[in-house]
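> Need a 3D model of the sequence below.
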Amino acid sequence: MSGILDSVNLRTQMVGQNRLELLLFGLETSQRYGINVFKVREVLQCPELTEVPRQTTAIKGMAHIRGETIPVLDLSEAIGRRPIPEDEQRKCFLIVAEYNRRTLAFLVRKVDRIFNTQWDQIMAPPTEIGSENYLTAVFEHEGKLIEILDVEQILADLYPMATDVSEDVANSEVRQQAHQHHVLIVDDSAVARNQMQRSLESLGVKVTAANNGKQAWDLLRGMAEKGIDVEKAFLMVISDIEMPEMDGYTLTAMIREDTRTQRMHVVLHTSLSGGFNVSMVKKVGADGFLAKFNPNDLASVVVNRINQVSQKS
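All right, here's what the predicted structure looks like:
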């Protein structure tokens, strides 16, 4: 099974072309799910797990993999389904992945294959199902819907993260200036948007949020067509990279190609692992890269931009 990811490093040329590859997997039913290949470090048969004393969450234990001790999360139980019985775990698989600077392994029933598609084929879940779910996107394949789970939301529920910005990051003078500025944040994960919004609003800046690159671009283009100087309207754009309909790389390229928006300050952020991110940020013309989510790191990027603008004025 480890061979399924042998060529992952050769696939980075697709990034920036609104394309992605998904590792398809299954839980306790016939429903198939997808995870971005670039989040995945490796796939392996589940080894014997070491129990964690007094563990009461969906964490089933720890696995020692390539010299590293990694927590194992039963993905079925984490999303409210039937947990995988202990005596069946060795028949299952681990998807070792990196999210927000945290390495963990997802226990799943089966791993299918790698599926090549485009972000504009990936759709946001219908609004009618409400916001209380773990879906971040869906797409149709062979007459069936493949679901992409909002892993950030799952992890946030298991490990609540603070969003407070340290007083050391921004002094009173910067916070006073922050009220004059407006930031556009773009992310398909509701929990990520809320985390960023709370952190930035605690800093004092105004925040507008978009669910994906297409929604953000439609907003910017619509404002420009009404004669609004969007380069002055927003201090900066902070965008996720992987999103349905239009990814962050494509959004950045669109911003740079339009004379009405091309000087906007754009920072890309992602939970994706891999060194290709920094080079791709430069390739598409973004001004910076941020591994999400840390409130002080996020605030520091905004504070630096505020200082940069104030020095020019």
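
> ok, which stretches of the stretch 201-313 of the chain are helices?
According to DSSP state H, counting those that start in this stretch, the stretch 201-313 of the chain carries its helices in the segments 213-225, 230-233, 248-257, 276-284, 295-312.

> where does the chain have its least confident helix or strand?
The least trusted helix or strand in the chain, going by mean pLDDT, DSSP states H and E, turns out to be helix 276-284, with a mean of 69.

> quick one, phi psi at residue 260?
phi -80, psi -20 (degrees, to the nearest 10).

> contacting residues around it?
By Cβ atoms under 8 Å, 6 or more residues apart in numbering, the residues touching residue 260 are 224, 230, 231. The C-beta positions use only the backbone N, C-alpha and C, and glycine is treated the same way.

> Likewise for residue 214?
Residue 214 makes contacts with 120, 245, 246, 251, as judged by Cβ under 8 Å, 6+ apart.

> how about 7 Å then?
245, 246 (Cβ atoms under 7 Å, 6 or more residues apart in numbering).

> again, but for residue 146
Contacts of residue 146 (Cβ under 7 Å, 6+ apart): 24, 32, 33, 34, 138, 139.

> Please tell me I have it right and the fifth one contacts residue 144.
No. Taking Cβ atoms under 7 Å as the definition, residue 138 is not a contact partner of residue 144, at 10.3 Å.

> Those two: who's more crowded?
Taking other Cβ atoms under 10 Å, residue 138 and residue 144 do not tie; residue 138 has more neighbours (16 against 11).

> Any idea what the more buried one is bridged to?
residue 123, residue 147 (DSSP bridges).

> confidence score at it?
Note for residue 138: predicted pLDDT of 90.

> Repeat that for the one 10 residues further on.
In the predicted model, residue 148 carries a pLDDT score of 89.

> Just give the nearest non-adjacent residue to it, would you?
residue 137 (4.2 Å; Cβ to Cβ, 6 or more residues apart in numbering).

> Also residue 136?
Take residue 136 and drop its neighbours on the chain: the residue closest to it by Cβ to Cβ, 6+ apart is residue 150, 3.9 Å away.

> Can you give me the neighbour number for the one you found?
Residue 150: 21 neighbours (other Cβ under 10 Å).

> what does residue 256 give?
Look at residue 256: counted by other Cβ under 10 Å, it has 16 neighbours.

> Check the gap between the residue nearest to it when sequence neighbours are not counted and residue 268 for me.
Distances taken as Cβ to Cβ, 6+ apart place residue 285 nearest to residue 256, at 4.3 Å, with adjacent residues excluded. Noted for residue 285: a distance of 10 Å to residue 268, by Cβ to Cβ, to the nearest Å.

> neighbour-wise, which of these two wins?
residue 268 (26 against 14).

> isn't the more buried one right up against residue 286?
Yes. The pair residue 268 / residue 286 is scored as a contact, 4.9 Å apart, by Cβ under 7 Å.

> Please identify every residue contacting each of those two.
With Cβ under 7 Å, 6+ apart, residue 268 and residue 286 have common neighbours residue 252.

> Now do the contacts for residue 252.
By Cβ under 7 Å, 6+ apart, the contact list for residue 252 reads 266, 268, 284, 285, 286.

> how about the residues you listed in TSV, adding distance to residue 166?
Converted to TSV, those look like this (distance: Cβ to Cβ, whole Å):
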residue	distance to residue 166
266	25
268	23
284	31
285	31
286	26
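
> of the residues you listed, closest to residue 116?
residue 284 (20.6 Å; Cβ to Cβ).

> what about that closest one, distance to residue 74?
37 Å.

> ok, now residue 269?
28 Å.

> Looking at these two, which has the bigger crowd around it?
residue 269 (27 against 22).

> Just list the residues touching that one, thanks.
Per Cβ under 7 Å, 6+ apart, neighbours of residue 269: 238, 240, 290, 291, 292.

> which of these sit farthest apart?
Checking these with Cβ to Cβ, the most distant pair is 238 and 291, at 12.7 Å.

> returning to that earlier point: separation between the residue nearest to residue 256 and residue 263?
On the measure of Cβ to Cβ, residue 285 and residue 263 end up 11 Å apart.

> can you check residue 194 too?
29 Å.

> Would you confirm that the residue nearest to residue 136 contacts residue 137?
No. Residue 150 is not in contact with residue 137 according to Cβ under 7 Å; the separation is 8.5 Å.

> that older thread, residue 194 and residue 263: which has the busier surroundings?
residue 194 (15 against 11).

> That one belongs to a helix?
Yes. Assessed by DSSP: H, G, I helix; E, B strand; the rest coil, residue 194 belongs to a helix.

> residue ranges for the strands of the stretch 1-150 of the chain, please.
Using DSSP state E, counting those that start in this stretch, the strands of the stretch 1-150 of the chain run over residues 19-26, 32-36, 40-45, 59-65, 68-74, 93-99, 102-108, 110-118, 135-141, 144-149.
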